[in-house]
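>>> just need the structure, nothing else, for what follows:
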Amino acid sequence: MKKIADIPKLDRPREKLQRKGAQALSDLELMAILVGKGTKGHDVMSVAKRILKILDSSNANPNLEELQKIKGVGPAKATLIAAALEFARRRIRPEGLKISFPPDVLPLIQHFADRKQEYFICISINGANEVITPRVVSVGLVNKTQVHPREVFADPITDRASAIIVAHNHPAGALEPSKEDIEVTRQLKAAGETLGIRLLDHIIFNQKGYYSFMEKGEMGEMKL
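Numbers count the residues shown, from 1 in each chain. Below is the predicted model of the structure:
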């Protein structure tokens, strides 16, 4: 990973935000701005990357102890990050977002499009077709072993969700589903029918677009 000093000044996170606006920055760049600066032996971009890894694995809800275990993060940085996350949660909530078509959830997950690994995400939906919450289920290649119905449906059951939408990014760029993607979708659909929680769609996405199993007519008669 490039150190901040190796990035042309105009392309550094703060300068880029000033030129293009916050929406043009990646999660890594936004976190680097929050971190502010690195410490001896720990460049700000490396620290920001470690923090993102923790955020992804804890569904953006780490505690201060977890944050302070990250090399380059002390009490002051940990407190700032925790406060920023809680402030964002209070002001910008996905809960209650009403969807009329499964790809309406893309704005909630699009920030995973630039990840180098595959992130499998499950979005719980209530009976009014409103988002309850999105969660990261697993990180790594999507297959039957890592994406087991037990893991996918555990939280939606607790949420008392009536349906779910699952999604994952394709770091390589191609949007066409693999054999594993198709098999996982079939497995989750069958499990959902047993549990009474409908699988509305499986969305594959990258930075340029998305592939919807439902739009392609591959989800049977399941509709919103």
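>>> list the contacts of the residue of the chain most remote from its centre.
Outermost residue of the chain with respect to the C-alpha centroid, by C-alpha atoms, centre = their mean, is Lys40; its distance is 30.5 Å. For Lys40, no residue meets the contact criterion (C-beta atoms under 8 Å, 6 or more residues apart in numbering). Glycine gets a C-beta too; all of them are placed from N, C-alpha and C.
>>> give me the pLDDT for it.
With respect to pLDDT, Lys40 has a value of 81.
>>> alpha carbons of the lowest-mean-pLDDT helix or strand in the chain, as CSV, please.
Lowest mean confidence among the helices and strands of the chain (mean pLDDT, DSSP states H and E): helix 75-91, at a mean of 85. Presented in CSV, the C-alpha positions along helix 75-91 are these (Å, rounded to 0.1, in the frame of the first residue of the first chain):
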residue,chain,number,x,y,z
PRO,A,75,-7.2,6.4,23.1
ALA,A,76,-7.6,9.8,21.3
LYS,A,77,-8.0,8.3,17.8
ALA,A,78,-10.2,5.5,19.1
THR,A,79,-12.5,7.9,20.8
LEU,A,80,-12.8,10.1,17.7
ILE,A,81,-13.6,7.2,15.4
ALA,A,82,-16.2,5.7,17.9
ALA,A,83,-17.8,9.2,18.2
ALA,A,84,-17.9,9.7,14.4
LEU,A,85,-19.5,6.2,13.8
GLU,A,86,-22.1,6.8,16.4
PHE,A,87,-22.9,10.3,15.1
ALA,A,88,-23.3,8.8,11.6
ARG,A,89,-25.5,6.0,12.9
ARG,A,90,-27.8,8.5,14.6
ARG,A,91,-28.2,10.8,11.6
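>>> give me the buried positions along that helix.
Of the residues in helix 75-91, 77-78, 81-82, 85 count as buried by neighbour count, 16 or more other C-beta atoms under 10 Å.
>>> again, but for stretch 157-177
159, 161-171, 177.
>>> ok, those residues vs Gly140, which is closest?
Nearest to Gly140 among the buried residues of stretch 157-177 is His168, at 10.2 Å by C-beta to C-beta.
>>> please name the residues that touch the closest one.
Applying C-beta under 8 Å, 6+ apart to His168 gives the contacts 118-121, 142, 181, 203-205.
>>> can you flag which of these belong to helices?
Those of the contacts of His168 mapping onto helices are Asp181, per DSSP state H.
>>> wait, which of the contacts of His168 is closest to Lys69?
The shortest separation between Lys69 and any of these is 21.9 Å, and it belongs to Tyr119 (by C-beta to C-beta).
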